[in-house]
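In: here you go, sequence then predicted model.
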Amino acid sequence: MQTPNFEIPTEMRDFAEKSVDQARNAVGVMMTNAHKAVDQFQTGSKTFQSTLQAAVAKGFDHAQTNASAAFDHAQKLVRAKDFREAYELQTEFLRSQIAALQAQAKEFGSLAQNATH
């Protein structure tokens, strides 16, 4: 008994070959895009990390500035001659601290904005 010789038609082989080539290209594109995504993630991660470090450093700077201002203010208060002078010192201190806090918040806002770009 002889097995029939089954020949694959040329069109079917061409179709299969094109399908393999298309699949190979699709996987290649997918791998390239995956590598790009990883690179972008790493770059974004480095940017976030450096921004976070800058924010922490800026936070320590602001805390030190605010603490110095508070101690300077306390020293002025204990030297005040009367309640009126103490009240004026307190009012001046509150105004300057509000302005300082606004400037500090603006700096933190800029850092946050830079982190998202």
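Out: Thanks, I have it.
In: what helix or strand is Lys81 on?
Out: Taking DSSP states H and E as the definition, one finds Lys81 inside no helix or strand.
In: so which elements touch the helix or strand hosting Gln49?
Out: Under the assignment given by DSSP H and E, the secondary-structure element containing Gln49 is helix 10-78. In this structure, helix 10-78 packs against helix 83-115, with contacts taken as 3 or more Cβ pairs under 8 Å, 6 or more residues apart in numbering; DSSP states H and E. Glycine gets a C-beta too; all of them are placed from N, C-alpha and C.
In: for the helix it packs on, packing partners?
Out: Checking 3+ Cβ pairs under 8 Å, 6+ apart, helix 83-115 ends up next to helix 10-78.
In: by how many degrees do the helix it packs on and helix 83-115 diverge?
Out: For helix 10-78 against helix 83-115, the angle by axes from the mean of the first three to the mean of the last three Cα atoms, to 10 degrees is 170 degrees.
In: helix 10-78 - what's its average pLDDT?
Out: Per-residue pLDDT values over helix 10-78 give a mean of 88.
In: once you drop chain neighbours, what's closest to Ser96?
Out: What sits nearest to Ser96 in space, not counting adjacent residues and going by Cβ to Cβ, 6 or more residues apart in numbering, is Ala69, at 7.1 Å.
In: quick one: contacts for that neighbour?
Out: When contacts are counted by Cβ atoms under 8 Å, 6 or more residues apart in numbering, Ala69 is found next to 93, 96-97, 100.
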